[in-house]
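J.: sequence unknown, structure follows:
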């Protein structure tokens, strides 16, 4: 059986940064099962935005860089961008931010579920599997 692909949303990465026990346990489980853990370039950008806004910027930048090394990073490619355009038009009445819809589009195209603290938010996206910790 091949490992299930999991794409971590920014909320999961932040929970790890805060040493939240549930997120740390989920990371341990995924690591023990040798499941690949991904995130998107969008989440990387959001994490760095937070680090650059920190009172202790040098430490925050070191910490976020070290934390993000746990993940393989997926970029926005042509098919993900096309999927975003389709979803943005078809879901325009739903309340989901552009950044989250980019994250969802990347995960959908790559056949991954989303690991998030905002499960109900991402479950609005047709075909996307959202899980929490």
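T.: Alright, I've got the coordinates. Not measured: the values here are computed from a predicted model.
J.: drop to CA atoms for contacts and neighbour counts, all remaining ones
T.: Will do.
J.: show me the residues around the nearest residue to residue 123 once chain neighbours are set aside that make contact.
T.: Distances taken as CA to CA, 6 or more residues apart in numbering place residue 130 nearest to residue 123, at 5.9 Å, with adjacent residues excluded. Shown in contact with residue 130 (CA atoms under 8 Å, 6 or more residues apart in numbering): 113-116, 119-120, 122-123.
J.: do you know how far residue 130 is from residue 104?
T.: Noted for residue 130: a distance of 9 Å to residue 104, by CA to CA, to the nearest Å.
J.: for residue 18, what are phi and psi?
T.: In terms of degrees, to the nearest 10, the main-chain angles of residue 18 are phi -90, psi 0.
J.: number of residues surrounding it?
T.: 11 (other CA atoms under 10 Å).
J.: so what pLDDT did residue 76 get?
T.: For residue 76, the pLDDT comes out at 95.
J.: secondary structure class for it?
T.: coil (DSSP: H, G, I helix; E, B strand; the rest coil).
J.: check residue 54 too.
T.: From three-state DSSP, the assignment for residue 54 is coil.
J.: surely it is in contact with residue 60?
T.: Yes: applying CA atoms under 8 Å as the test, residue 54 and residue 60 come out as touching, 6.5 Å apart.
J.: of the two, which one has the most company?
T.: residue 60 (19 against 13).
J.: just give the nearest non-adjacent residue to the more buried one, would you?
T.: With CA to CA, 6+ apart, the residue lying closest to residue 60 is residue 51, at 4.9 Å.
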